[in-house]
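Participant: Just to be clear, the model below is a prediction. Sequence and coordinates:
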Amino acid sequence: MTVIAIDGPSGVGKSSVSREVARRNGFGYLDTGAMYRAMAWLCLQRGVSDPGDVVEQIRGVDFEISTDPEHVSVEVDGIDVTTDIRSEDVSTNVQIVSSVPDAREELIGMQRDIISRVSADKGGIVVEGRDITTVVAPDADVRILMTAREDVRIARRAGEIHGEATEESVEATRAQVADRDRKDSATTSFLTAAEGVHTLDTTHIDFDESVEAVMGLIDQADGGNK
Ligand SMILES: Nc1ncnc2c1ncn2[C@@H]1O[C@H](COP(=O)(O)OP(=O)(O)OP(=O)(O)O)[C@@H](O)[C@H]1O
Ligand SMILES: Nc1ccn([C@H]2C[C@H](O)[C@@H](COP(=O)(O)O)O2)c(=O)n1
C-alpha cells in the first residue's frame, strides 16, 4: 500500500497533478480541500458561523466523497455539491470551518479512515491538501510540498477561470489566491517543507513535467523499499 501526500498553496497544481498521478498508478485520489469546502457549504446553507457550532454540523452530516480520479464528486446530505463547493462564496468563507480546531480534528479523522480503506482497496492513494505531509499522513511513503512563485500561480488560476491570463483576469484573481493563502497560513503550514518532505518547485515547469517529477519521486521511494 502506497500513500502519496502532496501539500501546497492555492493554484500550485496539487489537484490536477495528484489526479493524473493517481490515474497513472491505478490509485485512489483524495482532495481534502473539497472536504473543507463541503462543510463550509453546509454551514453557509444553515447560516452557521459560530465556531462553537461548526463541529456539530460536521458530526451529524451524511457525507460522501468520490476517490476515483476519473470521476470527482462530493455529496452532502444526499445533495450533489461538486460544483457548488467551487463557488466564490465558499472559497472566501471556507475558513469558517478550516480555522476551527475541533472541526479540523473531525475532518482529519475522516481523512485517515478514507486513506486506510482506499489504499488497502486500490494498493495506493494520492492525498492532497495543506497539512497532509505534516499532520494527516506524516508517515506517507512519499511526501511532497509543491511550490510555485505567487505570480505564476495567479496566472494559472486566472487562465483556468477566465480562459486566458490577461492583465484584467490576473488582477481579478490576485486577491482570491493571495488572500486565501494568507488566511490559510494562520492554521496550516504549507509554504516551507517539513523535514523529510521533498520540495517540488513548479515555477518553471509545465503540467506534464510536474506529473513526471512526482512519478520520479514515487519510483525513487519504491526503489528504496526494494
Ligand atoms: N506545472 C504546471 N504548469 C502550468 N499549469 C499548471 C501546472 N500544474 C497545474 N497547472 C494548472 O494550474 C491550474 C491550477 O491547478 P490546480 O487546480 O490543480 O491547483 P491546486 O493547487 O489544486 O489549487 P487549489 O488549492 O486552489 O484548489 C490548473 O488549470 C492546472 O491545469
Ligand atoms: N488539508 C487541507 C485542505 C484544505 N484546507 C482548506 C484551505 C483552503 O482554503 C480550503 C480549500 O482547499 P482547496 O480546494 O483550495 O485545496 O480548505 C485545509 O485547511 N487543509
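Facilitator: Structure's in. What do you need? Ligands and ions are numbered 1, 2, ... in the order given.
Participant: Pick out the residue nearest the middle of this protein.
Facilitator: The centre of the chain sits closest to G129, judged by CA atoms, centre = their mean, with a distance of 3.1 Å.
Participant: tell me the phi and psi of it?
Facilitator: Backbone torsions of G129, given as degrees, to the nearest 10, read phi 180, psi -140.
Participant: what about the nearest residue to it once chain neighbours are set aside, neighbour count?
Facilitator: Distances taken as CB to CB, 6 or more residues apart in numbering place T32 nearest to G129, at 3.5 Å, with adjacent residues excluded. For glycine as for every other residue, the C-beta is placed from the backbone atoms N, C-alpha and C. Neighbour count for T32, taken as other CB atoms under 10 Å: 23.
Participant: ok, back up a step: can you name the residues that contact the residue nearest to the centre of the chain?
Facilitator: I6, D7, K14, D31, T32, G33, V136 (CB atoms under 8 Å, 6 or more residues apart in numbering).
Participant: Mind listing what's buried along the helix ranked longest in the chain?
Facilitator: Criterion DSSP state H: the longest helix present in the chain is helix 101-122. Neighbour-count burial for helix 101-122, counted by 16 or more other CB atoms under 10 Å, picks out A103, R104, E106, L107, I108, M110, Q111, I114, I115, V118, S119, K122.
Participant: re earlier: which of the contacts of G129 lies closest to ligand 1?
Facilitator: Proximity of these to ligand 1 (CB to the nearest ligand atom) peaks at K14, which lies at 3.5 Å.
Participant: Can you read off the pLDDT for that closest one?
Facilitator: Note for K14: predicted pLDDT of 97.
Participant: do the one 3 residues further on as well
Facilitator: V17 carries a pLDDT score of 98 in this model.
Participant: For burial, what's the neighbour tally of it?
Facilitator: Neighbours around V17, by other CB under 10 Å: 26.
Participant: Excluding chain neighbours, what is closest to it?
Facilitator: Setting aside the residues directly before and after it, V17 is nearest to S210 in space (CB to CB, 6+ apart), at 5.0 Å.
Participant: returning to that earlier point: so of the contacts of G129, which ones are in strands?
Facilitator: I6, D7, D31 (DSSP state E).
Participant: out of these, which is most surrounded?
Facilitator: D7 (29 neighbours).
Participant: and that residue, what does it touch?
Facilitator: 14, 128-134, 144-146, 190, 197.
Participant: Report pLDDT for it.
Facilitator: pLDDT, D7: 98.
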